[in-house]
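**Student:** I'd like to go over a predicted model; first the sequence, then the structure.
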Amino acid sequence: MGGSVTKSPVARYLKVSAVLLLLSTAIGCGSRTRSTSLVGSPRGDREIHVIVENQNFYDVRVYYCRGSHAVRLGAVSSSSQREFSFPWTGSELQLMVDFIGAGQLLYIPVSVTPGESIVFRIGATMHNRAGSMTCGM
């Protein structure tokens with residue numbers, strides 16, 4: 001997400017919303033919001049929070065890419081949701097989903113800064129696009 005730095009919170013929100021709407025339409029990804037936990041307490045300064053909503057009938061294992069390495073976050077059962085928090089110092093988060101029994105799918109990176117939350121939706125038919133993929137591709 002290149003371009004000029006946007007200082008207005010409304011303009012940043014609109015820009016982020018437009019990009020994420022495009023991503024969710026194109027690949028079934030979700031939205032992003034400023035981070036507060038579900039009970040309202042602030043997140044750690046160096047952590048990001050990822051809520052994975054698995055709308056697929058396959059169970060999945062979720063990873064994030066750190067360079068060419070996949071770091072496992074955990075498993076999410078079919079038609080369920082799970083939350084993950086982990087330390088983050090990068091600028092772009094790229095998630096990889098392993099549909100158990102159907103292959104992997106690598107998602108387009110999204111800009112994220114420590115202290116933010118991501119809602120990541122795995123669509124019901126996303127397993128149809130799965131293949132053999134690795135981080136760093």
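**Tutor:** That came through fine. Residues are numbered from 1 along each chain as shown.
**Student:** can you list the weak-confidence ranges in the chain?
**Tutor:** 1-44, 137 (pLDDT under 70).
**Student:** and the helices in it?
**Tutor:** 9-27 (DSSP state H).
**Student:** that one: strands as residue ranges?
**Tutor:** 32-34, 47-54, 60-66, 69-76, 80-87, 92-93, 95-99, 103-106, 110-111, 116-122 (DSSP state E).
**Student:** and among those, the most buried is which?
**Tutor:** Burial of those is given as mean neighbour count (mean count of other Cβ atoms under 10 Å); strand 95-99 ranks first at a mean of 23. In this view, the C-beta of every residue, glycine as well, is placed from N, C-alpha and C.
**Student:** could you name the helices and strands sitting against that one?
**Tutor:** strand 60-66, strand 103-106 (3 or more Cβ pairs under 8 Å, 6 or more residues apart in numbering; DSSP states H and E).
**Student:** which elements pack onto the first one?
**Tutor:** Translated: strand 60-66. Other elements packing on strand 60-66 under the criterion 3+ Cβ pairs under 8 Å, 6+ apart are strand 47-54, strand 69-76, strand 95-99.
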